[in-house]
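Student: sharing a model prediction with you, sequence too.
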Amino acid sequence: QVQVVESGGGSVQAGESLRLSCKLHGLTFNGYTLGWFRQAPGQERGPVLCVYESTSYTEGRFSVSSDAAQNTLYLQMNNLKPEDTAVYYCAAHLGFSQCRVIDFTTWGQGTQVTVSS
């Protein structure tokens, strides 16, 4: 059974950093697009960053990396702002995919990130 399980959320002050983890079960990085998405209260779920297989990628304050030995994907979030407050989800798609919610079939349960000013 293919599953992804997020962890690492919490409450932080603005300007602090946080690293989220996504443990892969029943799949490896090979052949999958993996993504981080977030959903703030009252808003639709949207993309944060996506990577194909174990590629690392940085965009602004956020970076995605992976540890193949641990079968875990990470989201490093730096200089967090109150507007980053959301439930963060990890998701997987077999094959190459765009970073769109509609393309991902396997979702974790989400982990809450709260940033206070």
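Tutor: Okay, I see it. Residues are numbered from 1 along each chain as shown.

Student: every contact and neighbour count from this point should use C-alpha atoms.
Tutor: Noted.

Student: ranges for the strands of this protein?
Tutor: Counting by DSSP state E, residue ranges of the strands within the chain are 3-7, 10-13, 18-25, 32-39, 46-52, 57-59, 62-67, 72-77, 86-94, 106-107, 111-116.

Student: figure out which of these is closest to residue 100.
Tutor: For the strands of the chain, proximity to residue 100 was assessed by Cα to Cα; strand 46-52 is nearest, at 6.4 Å.

Student: quick check, residue 48 in contact with residue 57.
Tutor: No - counting by Cα atoms under 8 Å, residue 48 stays clear of residue 57, with 11.3 Å between them.

Student: next one: residue 66 relative to residue 50, how far apart?
Tutor: 12 Å (Cα to Cα, to the nearest Å).

Student: residue 69 too?
Tutor: Spatial separation of residue 69 from residue 50 under the definition Cα to Cα is 20 Å.

Student: the more surrounded of the two?
Tutor: residue 50 (23 against 7; other Cα atoms under 10 Å).

Student: run through the bridge partners of the residue lying closest to that one once chain neighbours are set aside.
Tutor: Once its chain neighbours are removed from consideration, residue 50 has its nearest residue in residue 35; the separation is 4.0 Å (Cα to Cα, 6 or more residues apart in numbering). Taking DSSP bridges, one obtains residue 50, residue 91 as the residues bridged to residue 35.

Student: what's the answer for residue 86, then?
Tutor: The bridge-partner assignment for residue 86, based on DSSP bridges, gives residue 113.

Student: and the strands of the chain as JSON lines, adding mean pLDDT and distance to residue 100?
Tutor: Putting those into JSON lines (pLDDT from 0 to 100; distance: least, Cα to Cα, whole Å) gives the following:
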{"stretch": "strand 3-7", "mean pLDDT": "98", "distance to residue 100": "17"}
{"stretch": "strand 10-13", "mean pLDDT": "98", "distance to residue 100": "25"}
{"stretch": "strand 18-25", "mean pLDDT": "98", "distance to residue 100": "18"}
{"stretch": "strand 32-39", "mean pLDDT": "97", "distance to residue 100": "9"}
{"stretch": "strand 46-52", "mean pLDDT": "97", "distance to residue 100": "6"}
{"stretch": "strand 57-59", "mean pLDDT": "95", "distance to residue 100": "16"}
{"stretch": "strand 62-67", "mean pLDDT": "97", "distance to residue 100": "16"}
{"stretch": "strand 72-77", "mean pLDDT": "98", "distance to residue 100": "17"}
{"stretch": "strand 86-94", "mean pLDDT": "98", "distance to residue 100": "10"}
{"stretch": "strand 106-107", "mean pLDDT": "98", "distance to residue 100": "13"}
{"stretch": "strand 111-116", "mean pLDDT": "98", "distance to residue 100": "19"}
